[in-house]
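1. Okay, predicted coordinates and the sequence, questions at the end:
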Amino acid sequence: MTQLIDRKLLDEVSAEAAAAPRKRKNRNFHARDDFIAHRLLNAIEPDSWLPPHRHLDPAKDESTVVVAGALGVLIFDDAGTVLASRRL
């Protein structure tokens, strides 16, 4: 199935995020959690944050594309020291 990420979808998911206690919401495009590739749209509203995480499995990639707004990103080393920060 083709899913267009248009203004209507962005506004809908953003409104759901704004109403959520943690100020974030995702819309899954994969049918089930056991699919190899997970594709989803995350709406992250101001005053929210995502906990640091990493994927130890080399076959598990992660990409981030900012389609609206801005996002601050911190890059850590294995000991938890911040190596870099970026505003996307």
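-> Arrived safely, thanks for sending. Residues are numbered from 1 along each chain as shown.
2. Surely residue 10 is within a helix?
-> Yes: counting by DSSP: H, G, I helix; E, B strand; the rest coil, residue 10 is part of a helix.
3. Residue 75 versus that one, what's the distance?
-> Here the criterion is CB to CB, to the nearest Å. By it, residue 10 lies 26 Å from residue 75. Where C-beta positions appear, they are placed from N, C-alpha and C, glycine not excepted.
4. More neighbours: which of those two?
-> Between residue 10 and residue 75, counted using other CB atoms under 10 Å, residue 10 has the larger neighbour count: 16 against 11.
5. can you give me phi and psi for the most centrally placed residue in the chain?
-> With distances taken as CA atoms, centre = their mean, residue 42 lies nearest the centre of the chain, 4.2 Å away. Torsion angles at residue 42 (phi, psi; degrees, to the nearest 10) stand at phi -110, psi 130.
6. Correct me if wrong: it contacts residue 23.
-> No: here residue 42 lies out of contact with residue 23, judged by CB atoms under 8 Å, at a distance of 11.5 Å.
7. Overlap of the contact sets of the two?
-> Among the neighbours of residue 42, none is also in contact with residue 23 (CB atoms under 8 Å, 6 or more residues apart in numbering).
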